[in-house]
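[1] model this:
(2 chains)
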Amino acid sequence: MHTPNTPALSDKRLTLVWVILSAITLAQLLVLVGDSPGHLNPNAVATFSIILISLFKVRLIIREFMEVRHAPPWLRWGTDAWLATTAVGLLGTYMIGMA
Amino acid sequence: MSDTVTIASHFEDAEQQREAGLMGMWLFLATELMLFAGLFGAFGIYRGLHGEAFAEAARHLDLPLASINTAILLTSGLTMALAERSVQAGLIVVARRWIVATVALGAVFLVIKGYEWHHEFAEGLMPLLGLPFDYDGSHPAQAELFFDFYFAMTGLHALHMLVGLGALAVLWVLGRPQPGPRADRYIRQMRITGMYWAFVDVVWVFVFTSLYLLRS
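    Below is the predicted model of the structure:
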């Protein structure tokens, strides 16, 4: 956990995280649009990719903007376990909805 | 006012008191997570039951506007983290500017969201308070349920943003060069608000994915 006694965040690293978050959001939209501009591409592979990219985005925000990267192991593992559970829930309900 | 840190009787030292404050925030966020988990869980179950109808209803939402809002909120996450970083470096004036940027981005997000809600109201897609639901798709009953979830999830998220904006306004008012112990307290307050703002970001990523991006 970050406290006033631990090293400060790096501006460059934060900006890089923001660039990555923006780029992968754009990637999600490109996956959704698919290879036929103007027509959204709602197939299962595209949707799976979109969900996985979102989970990666959330992990990046938790790790970097919430500074869990510097947190004790129980918190790092705890947030990862929560994210894994959420992934199972999201992908699971989506698959059930497709069946 | 004294410049020394007041340590409550149940803490051994200032460091333990600081850590307890952060732990308290994590516990608060965990309870918030449970609130949203209930909502997202219920949405997931109904999405599992009515996948095709929910996907069709999702295609009635304004994806370009929501994408712009996502970019705005992610940028506000960066400005908030930069505000924290500036306070840690003792640059209070710079930090206050980043706070203003964060508040401005948050306000723009809410204005766009309000415009989107107004558009949905005008289209007859707001099944709240007995308003008529005018849906042109093939599963109107399930679509109505989808829009119930849509307004509950985006409304709850917007409410959390308002709380965050209020906390940021207080931080802006309190932000001035201060001696050691009080500077430490301000750093901690900034840290806790930063965690809350990042949490609001996380919730939006899930809202955006669940409501806008799952179209099949």
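[2] show me which helix or strand of chain A is least confident by mean pLDDT.
    Among the helices and strands of chain A, helix A:73-98 carries the lowest confidence by mean pLDDT, DSSP states H and E, at a mean of 87.
[3] next, the buried residues of that one.
    A:L75, A:T79, A:L83, A:T86, A:L90, A:T93, A:Y94, A:G97 (16 or more other C-beta atoms under 10 Å in any protein chain shown). The way it works is simple: take the backbone N, C-alpha and C, and place the C-beta from them, glycine included.
[4] how near is the first one to chain B?
    This points to A:L75. Using C-beta to the nearest C-beta, to the nearest Å, A:L75 is found at 7 Å from chain B.
[5] might you list the low-confidence residue ranges for chain A?
    Counting by pLDDT under 70, the ranges of chain A that qualify are A:1-9, A:34-42, A:99.
[6] what sits against B:G90?
    B:A183 (C-beta atoms under 8 Å, 6 or more residues apart in numbering or on different chains).
[7] ditto for the one 4 residues further on
    With contacts defined as C-beta under 8 Å, 6+ apart, B:V94 is in contact with B:S86.
[8] B:S216 versus the closest residue to chain B within chain A, what's the distance?
    For chain A, the residue closest to chain B is A:G97, as judged by C-beta to the nearest C-beta, at 2.6 Å. In this view, A:G97 and B:S216 are 9 Å apart by C-beta to C-beta, to the nearest Å.
[9] just give me the neighbour total for A:S49.
    A:S49 has 15 neighbouring residues, counting by other C-beta atoms under 10 Å in any protein chain shown.
[10] one step back: okay, and the common contacts of A:G97 and B:S216?
    Common neighbours of A:G97 and B:S216 (criterion: C-beta under 8 Å, 6+ apart): B:A55.
[11] so what's residue 65 closest to, chain neighbours aside?
    Since no chain was named, I'll use chain A. Distances taken as C-beta to C-beta, 6 or more residues apart in numbering or on different chains put B:A198 closest to A:F65, at 4.0 Å, once the chain neighbours are dropped.
[12] that's the other chain; I wanted chain B
    The shortest distance from B:L65 to any non-neighbouring residue, by C-beta to C-beta, 6+ apart, is to B:E116 (5.3 Å).
[13] check which helix or strand that neighbour maps to.
    Assessed by DSSP states H and E, B:E116 sits inside helix B:92-122.
[14] that helix: what's the following helix or strand?
    Going down the chain from helix B:92-122, the next helix or strand is helix B:140-174, by DSSP H and E.
[15] do that following helix and chain A meet at all?
    No - using C-beta under 8 Å from any C-beta of the partner chain, we find that helix B:140-174 stays clear of chain A, coming within 11.3 Å at best.
[16] that helix - contacts with which helices or strands?
    Applying 3 or more C-beta pairs under 8 Å, 6 or more residues apart in numbering or on different chains; DSSP states H and E, one finds that helix B:140-174 contacts helix B:14-49, helix B:51-58, helix B:92-122, helix B:180-207.
[17] which of the buried residues of helix A:73-98 sit farthest apart?
    Farthest apart among these by C-beta to C-beta are A:L75 and A:G97. That separation is 32.8 Å.
[18] so is the lowest-mean-pLDDT helix or strand in chain B next to chain A?
    Ranked by mean pLDDT, DSSP H and E, the weakest helix or strand in chain B is helix B:14-49, scoring a mean of 84. Yes - using C-beta under 8 Å from any C-beta, we find that helix B:14-49 touches chain A at B:15, B:18-19, B:22-23, B:26, B:33, B:40-41, B:44-45, B:47-49.
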